[in-house]
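# Just the structure for this:
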Amino acid sequence: MMRALVLVLAAAALAACGEKPQSMTGGVRHDTAAFEGTGMPFAAAGWKAGDKGSWEAQLRTRAQNGQNDYTKVN
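Residues are numbered from 1 along each chain as shown. Modelled structure (predicted):
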C-alpha cells in the first residue's frame, strides 16, 4: 500500500516537470507596424488605423492622462 502511494506521488511529481512546446502561432502578425492596426473592431476613439500621426497622438494622450499619476492626484 505504501509503495503504491509512493509510486503514484513520484509519477505525479514527474508529470508536473514537463514543459509544453512554445510556438509562434495564434494569428499574431509581427511584420507590420503597430499603427497599422490589428483588424479588430476595438480601438480607442479618435484613432484611425494606418495613420501614424493619429497613433502617436493617442500614445501621448494615454501617457499623459492614463499613466501619469501626478496628473491624477493634482
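# In this structure, where's the longest helix?
The residue-count maximum for a helix in the chain (DSSP state H) belongs to helix 2-15.
# Trp55 - how many residues pack around it?
Using other Cβ atoms under 10 Å, Trp55 has 19 other residues around it. To be clear about C-beta, it is placed using only N, CA and C from the backbone, and glycine gets the same treatment.
# Which residues are in contact with Met1?
Contacts of Met1 were listed using Cβ atoms under 8 Å, 6 or more residues apart in numbering, and none were found.
# Got the confidence number for it?
pLDDT, Met1: 86.
# for Lys20, same thing?
Looking at Lys20, the pLDDT reads 75.
# What of Phe42?
So, for Phe42, pLDDT stands at 74.
# list the helices and strands the longest helix of the chain packs on?
The helices and strands touching helix 2-15, judged by 3 or more Cβ pairs under 8 Å, 6 or more residues apart in numbering; DSSP states H and E, number zero.
# Following the chain onward from it, which element is next?
Next helix or strand after helix 2-15 toward the C-terminus (DSSP states H and E): helix 52-61.
# Return the alpha-carbon coordinates of that following helix using CSV.
Output of helix 52-61 as CSV, limited to C-alpha atoms (Å, rounded to 0.1, in the frame of the first residue of the first chain):
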residue,chain,number,x,y,z
LYS,A,52,0.9,57.2,-37.8
GLY,A,53,0.2,60.7,-36.6
SER,A,54,-3.1,59.6,-35.0
TRP,A,55,-1.3,56.7,-33.4
GLU,A,56,1.4,58.9,-31.9
ALA,A,57,-1.3,61.4,-30.6
GLN,A,58,-3.1,58.5,-28.9
LEU,A,59,0.1,57.4,-27.2
ARG,A,60,0.8,60.9,-26.0
THR,A,61,-2.8,61.2,-24.7
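# mind starting the numbering at 31 from now?
New numbering, starting at 31: the last item is helix 82-91.
# which outside residues touch it?
With contacts defined as Cβ under 8 Å, 6+ apart, helix 82-91 is touched by Ala63, Ala64, Phe65, Ala74, Gly76, Trp77, Lys78.
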